[in-house]
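J.: Got a sequence here, can you model it:
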Amino acid sequence: MTDDKGLRLALAERLADSGHLHSAPWRAAVEAVPRHEFLRGGYFERADSPGTTAWRPVLPEDPGWLGGCYQDTSLVTQIAGTIAPRDIRGEILREPTSSSTLPGLVVRMLEDLQVEDGNRVLEIGTGTGYSTGLLCHRLGEDLVTSMEVDPEVSTRARAALGHAGYAPFLITGDGLAGHPDSAPYDRLIATCGVTELPYTWVEQTRPGGIILATLSGWLYSSELARLTVGEDGTARGRLLGGQVSFMIARPQLPPPLGLLPDIDDGEERTTGLAADALDDWNTRFVAQLAAPHAQRLTLNRDGRTEHLLIDVDAGAWAAAVQDGETWTVRQGGPARLWDDIEETVTRWRADGAPGLDHFEVTVTPDGQTVAWSKV
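T.: Below you'll find the model as predicted:
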């Protein structure tokens, strides 16, 4: 038994024990597909340093690289859109832009996709290609189409899949547009977050087919959604819960904040919604339904923390400050972001603050709606 085979078997056992891996076909895939082949370019690990998060490269020649490939953790493989582990020495402070998702989440999503023998699958977000390899082992490479927006990431994935013995149909392009030439698909799975599920995905999935995607937003609360496409061309389903998080699809990333507005100006009032309520994952998800284009940040001024929400494109903003037991909010621009959020969160709480697994998602040609059921 080679070292990597032992690591694959041990990983499958851990994923089964943790409740992520349920079915024999997916266990066989985890035991067969070598994750390390998809990390030959190395990965970044978080540096243990104060302040802004720093990342350091871990390369195949480094001690611990192989074992790290089989930990149930996400491994960053690209920084700032272009920087790979071999491109730097030391540490880097930029933001991650591509990663190999933790195997537990990969397997959970593949189980939730409810594939059946003979299903044709479109995967949005090839990434390293590891999940693509699992799909190929489970269904056969001829039934798997995978899309990746980043040409360099796609090239590396193609090579890794080849070394692992798989040759699915790989496309470099905008996954939000799907790939109509090979439609319809029985299953569609997205390994990136989306702020709104594209109707093109619904059009390219056959009636009765399933779409599995992570609904996210610019307040960065997200949940996995499973939708079934109906005969009428409408997709409906529920959020599955579990606080699933992915990097948002690049075409849907928020715009740069630019110069901050004059937050000393604007209309001021007291508010019954504390700004730190948005630290709660579920509350923040509800808030971003009300203000889907708002971004959140904090400023320290005059010894106080100000909580800002800014909609760059609309030119709207809100700034909330705590004074003792009282919260005050100032708002400016053509919309009142805090009014919208407070009204929606208050209504959700009045309905019993249902968990996100009580939320239903509907996608039609007119767009996406998300609603909750009372508890």
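J.: Quick check: closest non-adjacent residue to residue 80.
T.: Counting by Cβ to Cβ, 6 or more residues apart in numbering, the nearest residue to residue 80 once its immediate chain neighbours are dropped is residue 94, at 3.9 Å. (Glycine included, C-beta is placed from N, CA and C.)
J.: Is the one you found part of a helix or strand, or is it coil?
T.: In three-state terms, and counting by DSSP: H, G, I helix; E, B strand; the rest coil, residue 94 is coil.
J.: count of neighbours near it?
T.: Number of residues near residue 94 (other Cβ atoms under 10 Å) recorded here: 15.
J.: and if you look at residue 60?
T.: As a burial measure, the neighbour count of residue 60 was computed by other Cβ under 10 Å and equals 15.
J.: try residue 63
T.: A count of neighbours around residue 63, defined by other Cβ under 10 Å, yields 8.
J.: for the one 10 residues further on, same thing?
T.: Here the count is done by other Cβ under 10 Å, and residue 73 has 15 residues near it.
J.: Which parts of the chain belong to which domain?
T.: According to automatic domain parsing, the chain comprises the domains 3-45+101-251, 267-350.
J.: Please identify the deepest-packed of those domains.
T.: Mean neighbour counts were compared across those using mean count of other Cβ atoms under 10 Å; the top stretch is domain 3-45+101-251, at a mean of 20.
J.: coming back round to it: wait, which of the domains of the chain is closest to residue 90?
T.: Taking Cβ to Cβ as the measure, these were each checked against residue 90, and domain 3-45+101-251 came out nearest at 11.7 Å.
J.: quick one: the helices in the protein?
T.: 3-17, 24-32, 65-69, 103-112, 130-139, 151-164, 199-203, 281-290, 337-350 (DSSP state H).
J.: between those, which one is nearest to residue 366?
T.: Of all those, it is helix 199-203 that lies closest to residue 366, at 8.6 Å by Cβ to Cβ.
J.: Quick one: residues in contact with that closest one.
T.: If you take Cβ atoms under 8 Å, 6 or more residues apart in numbering as the criterion, helix 199-203 is touched by 124, 176-178, 180, 183, 188, 190, 211, 213, 227, 229, 233-235, 363-365, 367.
J.: Equivalent analysis for stretch 143-156, please.
T.: By Cβ under 8 Å, 6+ apart, stretch 143-156 touches 41, 77-78, 81-82, 84, 97-98, 118-129, 132, 135-136, 157, 168-175, 178-179, 182, 185, 249-251.
J.: ok, back up a step: tell me which of the contacts of helix 199-203 fall in strands.
T.: For those, membership in strands holds for 124, 188, 190, 211, 213, 227, 229, 235, 363-364, 367, with DSSP state E as the criterion.
J.: CA atoms only for stretch 224-231, dumped as PDB, please.
T.: Presented in PDB, the C-alpha positions along stretch 224-231 are these (Å, rounded to 0.1, in the frame of the first residue of the first chain):
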ATOM      1  CA  LEU A 224     -26.500  25.800  -0.200                       C
ATOM      2  CA  ALA A 225     -29.600  25.600  -2.200                       C
ATOM      3  CA  ARG A 226     -31.100  22.600  -4.100                       C
ATOM      4  CA  LEU A 227     -33.600  23.400  -6.800                       C
ATOM      5  CA  THR A 228     -35.600  21.100  -9.000                       C
ATOM      6  CA  VAL A 229     -36.500  22.300 -12.500                       C
ATOM      7  CA  GLY A 230     -40.200  22.100 -13.400                       C
ATOM      8  CA  GLU A 231     -42.000  21.400 -16.600                       C
END
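J.: neighbouring contacts of that stretch?
T.: In contact with stretch 224-231 (Cβ under 8 Å, 6+ apart) are residues 109, 112-113, 197, 202, 205-215, 235-242, 244, 361, 363.
J.: how close does the residue lying closest to residue 184 once chain neighbours are set aside get to residue 39?
T.: Across the structure, with Cβ to Cβ, 6+ apart as the measure, the residue nearest residue 184 apart from its sequence neighbours is residue 206 (3.9 Å). Going from residue 206 to residue 39 by Cβ to Cβ, to the nearest Å gives 34 Å.
J.: rewinding a little: so can I have CSV of the ones in strands among the contacts of helix 199-203 showing pLDDT?
T.: Putting the ones in strands among the contacts of helix 199-203 into CSV (pLDDT from 0 to 100) gives the following:
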residue, pLDDT
124, 97
188, 98
190, 96
211, 98
213, 96
227, 98
229, 98
235, 98
363, 98
364, 97
367, 95
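J.: Could you save those as TSV and add columns showing distance to residue 21?
T.: Formatted as TSV, those follow (distance: Cβ to Cβ, whole Å):
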residue	distance to residue 21
124	23
188	22
190	21
211	22
213	21
227	24
229	27
235	27
363	29
364	35
367	36
